[in-house]
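Visitor: no FASTA, just this:
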């Protein structure tokens, strides 16, 4: 009789494992829009086709929770530095869009620390490095610290002179926000207000 009970428990656990594995994959897709990492060195994968990434409702809250789970997932290998930075940046953007500016800044600091081994790579500096700097400038502008946001925004603009979205967001961050609350930066994670709320 006891053996039968153990067999039932084992069968239940075995049937639950695929569902947990799929939920784990969806966390990555919900967080940053990319497929769950495989064994690639950087952990980067193609964009997801899962509809949950563009879901309605509390997109930011769902993304923050999914990013937190994805960052703790064993699927994310310790060597997959770029994907870890990507996930932290996605959570920072979701926090910023939810007006959780201190949490967004903490995520940006964690992303910069995680990406430190890649900081000398010119491609990293020009893409992820600029993105992290620009998001930090937006976060500082949202807090009303235009004096600190300005130099970061101008550095991002100088690094990407032909990227219109960088130029527009950088210009808005480095100004005094005369139309408080009206300027927004559109990123893959959605639209993020640049100026502090009025």
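Guide: Looks like it came in fine. Predicted model only: the values in this text are computed from it and were never measured.
Visitor: Poorly predicted segments of this protein, please.
Guide: Across the chain, the ranges flagged by pLDDT under 70 are 1-21, 23, 49-58, 176-198.
Visitor: Which parts of it are strands?
Guide: Remark: strands assigned in the chain by DSSP state E are 184-187, 190-193.
Visitor: Please verify my assumption that residue 48 contacts residue 34.
Guide: Yes: between residue 48 and residue 34 there is a contact under Cβ atoms under 8 Å: 6.1 Å. C-beta coordinates here come from the backbone N, C-alpha and C atoms, glycine included.
Visitor: Residue 140: what's it in contact with?
Guide: 146, 148-149, 152, 173 (Cβ atoms under 8 Å, 6 or more residues apart in numbering).
Visitor: With residue 133 as the reference, measure out to it.
Guide: 11 Å (Cβ to Cβ, to the nearest Å).
Visitor: Now the common contact residues for residue 48 and residue 34.
Guide: In contact with both residue 48 and residue 34: residue 28, using Cβ under 8 Å, 6+ apart.
Visitor: before we move on, back to that, for PyMOL, what selects the buried ones among the contacts of residue 140?
Guide: Only the buried entries of these go into this PyMOL selection, using 16 or more other Cβ atoms under 10 Å:
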select buried, resi 146+148+149+152+173
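Visitor: closest to residue 120 among the contacts of residue 140?
Guide: Ranked by distance to residue 120 (Cβ to Cβ), these are led by residue 152 at 19.4 Å.
Visitor: which residues touch that closest one?
Guide: By Cβ under 8 Å, 6+ apart, the contact list for residue 152 reads 133-134, 136-137, 140, 173.
Visitor: Geometric centre of this protein: which residue is closest?
Guide: residue 90 (0.9 Å; Cα atoms, centre = their mean).
Visitor: My read is that that residue contacts residue 67, right?
Guide: Yes: the pair residue 90 / residue 67 is scored as a contact, 5.7 Å apart, by Cβ under 8 Å.
Visitor: Can you pull the residues that touch both of the two?
Guide: Counting by Cβ under 8 Å, 6+ apart, the residues touching both residue 90 and residue 67 are 31-32.
Visitor: Which residue is the nearest non-sequential neighbour of the residue nearest to the centre of the chain?
Guide: Nearest residue to residue 90, sequence neighbours excluded (Cβ to Cβ, 6 or more residues apart in numbering): residue 32, at 3.9 Å.
Visitor: Likewise for residue 71?
Guide: Nearest to residue 71 is residue 87, by Cβ to Cβ, 6+ apart, at 5.4 Å.
Visitor: From residue 151, how far out is the one you found?
Guide: 27 Å.
Visitor: Comparing those two, which residue is more hemmed in?
Guide: Neighbour count, other Cβ atoms under 10 Å: between residue 87 and residue 151, residue 87 has more, with 28 against 13.
Visitor: That one: what's it in contact with?
Guide: Contacts for residue 87 (Cβ under 8 Å, 6+ apart) come out as 28, 31-32, 67, 70-71, 76.
Visitor: Need those residues in a markdown table (columns: distance to residue 44 and neighbour count).
Guide: As requested, these are arranged in a markdown table below (distance: Cβ to Cβ, whole Å; neighbours: other Cβ atoms under 10 Å):
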| residue | distance to residue 44 | neighbour count |
| --- | --- | --- |
| 28 | 11 | 30 |
| 31 | 13 | 27 |
| 32 | 10 | 28 |
| 67 | 16 | 26 |
| 70 | 13 | 27 |
| 71 | 15 | 20 |
| 76 | 11 | 18 |
